[in-house]
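A.B. asks: test case, fold it:
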Amino acid sequence: MNIVIYGASELGCLIATEFFEDHDITIIDKEENFTNNFSKLDIGFVVGEAPNVDVLKQAGIKDADLFLACSESDEVNIVACLTAKRMSGLRTLCFVGKKEYKTSLGLTKDSDFISDLYIDDIIWPEELLTQDIFRIITVSEALDVENFANGRARLLEYRIKENSVLVDKKVKECEFPRDTLIVGINKDTELIVPNGDTVFAADDKAIFMGLSRSLDKLAGRFFHEKGVTKKVTIIGGGNVGEMLADNLEDARINVKIIERDTQRCEKLSETLSDTLIINGDGTDLALLNEEDISASDVVVSVTNNDEKNLLCSLLAKQLGVKRVISRVSKNANIPLFERVGIDIALSDKIAALNEVKSIVLGSKVDILATVEQGKGEIIEIAVNDSRFNNIRIMDLHLPVKAVISIIQRRNKIIIPKGDTSVKSGDVLIIFTTGENAPQLKEFFKVN
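C.D. replies: Take a look at the predicted model:
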């Protein structure tokens, strides 16, 4: 695929890094915005502004398959996408940072407005981040949560604590509930697909997939130290804080927001009916004590400043909060946050990258989700090749380590075992590492 990206931002660099080995990438931006990170990539560069017709021509827009606009300016991104669409008719993907552009832009293909000029996909990274945080909050103790098959199946990730009964046990020695599978274990910085002899260690991150009701039993047996989440404190009342509070209100969870900007607090009090709004600084230890933040089941720090989020999160941990989630703007900071004890560090850029991966590769295979910053992938493959009809999973001889975790057969959801047979027309949901995913996709390709 030939991809043109406007914006040498951190997100632009992430996207280029992800796709340059298998696709032709051209980046457009001002010369001063190109960092050393781009010099490591085998991609094309065009200096200029994407809304400029001559610049787009120089970037080969007429031969491109996809145009992405991810500069720091929403307005320029929109104009660039519309210009590219007018010149080439290619698929356009626009990143925005303002809610009004996502909800009422009126330029998307499915809009009620009558127009032959539109943007195919509009991505608001903060919205994707909010969805990720909400899913994790609503499953007690989970580090990551993904839903499949309309919520009938799930992926859950948990950290193995020092006092867990799983420590020093082999996978085959653990009596996990029926219809659950252990599909991945992140040990230190390495994600592996385990076998029966793999041994759990303290601080491992274990990834399970299975039927939702069976995973509830798994969680209750091995990971939940207390009941469902009832109280959440959000530090930062920006877009993410407001959207998250709104979702938590709908889930009947007690929510409070700490926000230092007085005018923003007034706006939040108008839009959130059941959330307690506190005008104050989340780094103020006296305020946190006064508001009894230690009584919160979860504290979420989602300001737009990494240093502040880190400090707020560390203070929450010091005060005894069991579960702390922090927003990280710079992806390079994620390992630091986790290393100093923050339970979950999430990036809106990683959430956006996952969305782009689904769009770019969706025509061949659907990437349903990624875990551990892209180290693992959950992919969906339709079985249309007669070679795989009525063959047992143990006899497939997959070319790489992977776990066929879910089989969708018409309206039926199957958590397979080794002797489960695959049938033509099945949809397979498979867990594998990011580096092994391409070989797996090639293996199932129809001859």
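A.B. asks: rest of the way, CA atoms for contacts and neighbours
C.D. replies: Noted.
A.B. asks: which strands border the helix or strand hosting I430, and is each parallel or antiparallel?
C.D. replies: Using DSSP states H and E, I430 falls within strand 427-433. Under the criterion DSSP bridges, strand 427-433 sits next to strand 376-382 (antiparallel), strand 402-409 (antiparallel) in its sheet.
A.B. asks: so what touches it?
C.D. replies: Outside strand 427-433, the residues that touch it by C-alpha atoms under 8 Å, 6 or more residues apart in numbering are 183-184, 191-193, 375-383, 401-409.
A.B. asks: could you check how far that strand is from the centre of its chain?
C.D. replies: 17 Å (C-alpha atoms, centre = their mean, to the nearest Å).
A.B. asks: what's across from A369 in the sheet?
C.D. replies: On the basis of DSSP bridges, A369 is bridged to I378.
A.B. asks: for it, what are its contacts?
C.D. replies: E146, N354, E377, I378, I379.
A.B. asks: coming back round to it: make CSV from the strands paired with strand 427-433 and add mean neighbour count and mean pLDDT to it.
C.D. replies: What follows is the strands paired with strand 427-433, written out as CSV (neighbours: other C-alpha atoms under 10 Å; pLDDT from 0 to 100):
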stretch, mean neighbour count, mean pLDDT
strand 376-382, 22, 88
strand 402-409, 22, 93
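A.B. asks: distance to L93 added to those, as JSON lines?
C.D. replies: Shown next, in JSON lines, are the strands paired with strand 427-433 (distance: least, C-alpha to C-alpha, whole Å):
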{"stretch": "strand 376-382", "distance to L93": "22"}
{"stretch": "strand 402-409", "distance to L93": "30"}
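A.B. asks: burial count for G196?
C.D. replies: Using other C-alpha atoms under 10 Å, G196 has 11 neighbouring residues.
A.B. asks: for it, give me its contacts.
C.D. replies: For G196, the contact set (C-alpha under 8 Å, 6+ apart) comprises K170, V171, K172.
A.B. asks: ok so, going back, buried sites along the strand holding I430?
C.D. replies: Buried residues in strand 427-433, counting neighbours by 16 or more other C-alpha atoms under 10 Å, are found at V427, L428, I429, I430, F431, T432, T433.
A.B. asks: among these, which one sits closest to Q318?
C.D. replies: T433 (34.9 Å; C-alpha to C-alpha).
A.B. asks: adding distance to E49, write the contacts of A369 out as CSV.
C.D. replies: Shown next, in CSV, are the contacts of A369 (distance: C-alpha to C-alpha, whole Å):
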residue, distance to E49
E146, 38
N354, 26
E377, 34
I378, 36
I379, 36
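A.B. asks: S347 reaches N331, doesn't it?
C.D. replies: Yes - here S347 lies in contact with N331, judged by C-alpha atoms under 8 Å, at a distance of 6.6 Å.
A.B. asks: show me which of those two is the more surrounded one.
C.D. replies: S347 (22 against 18).
A.B. asks: pLDDT score for that one?
C.D. replies: Note on S347: pLDDT of 92.
A.B. asks: how far away is it from K99?
C.D. replies: Shown here: S347 relative to K99, a distance of 18 Å by C-alpha to C-alpha, to the nearest Å.
A.B. asks: how about N331?
C.D. replies: N331 is 23 Å from K99, by C-alpha to C-alpha.
A.B. asks: likewise E31?
C.D. replies: Per C-alpha to C-alpha, E31 is found 30 Å from K99.
A.B. asks: how about the helices in the chain?
C.D. replies: 10-19, 36-39, 53-58, 74-88, 99-104, 125-137, 212-222, 239-250, 262-271, 285-290, 306-318, 334-339, 348-361, 437-443 (DSSP state H).
A.B. asks: hey, least reliable of those helices by pLDDT?
C.D. replies: Among those, helix 99-104 carries the lowest mean pLDDT, a mean of 76.
A.B. asks: circling back to that earlier point, now distance to D297 and mean neighbour count too, for the helices of the chain, in CSV please.
C.D. replies: Output for the helices of the chain, formatted as CSV (distance: least, C-alpha to C-alpha, whole Å; neighbours: other C-alpha atoms under 10 Å):
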stretch, distance to D297, mean neighbour count
helix 10-19, 32, 19
helix 36-39, 39, 12
helix 53-58, 51, 16
helix 74-88, 36, 20
helix 99-104, 29, 13
helix 125-137, 9, 20
helix 212-222, 17, 17
helix 239-250, 13, 20
helix 262-271, 22, 14
helix 285-290, 14, 14
helix 306-318, 11, 20
helix 334-339, 19, 15
helix 348-361, 23, 20
helix 437-443, 36, 15
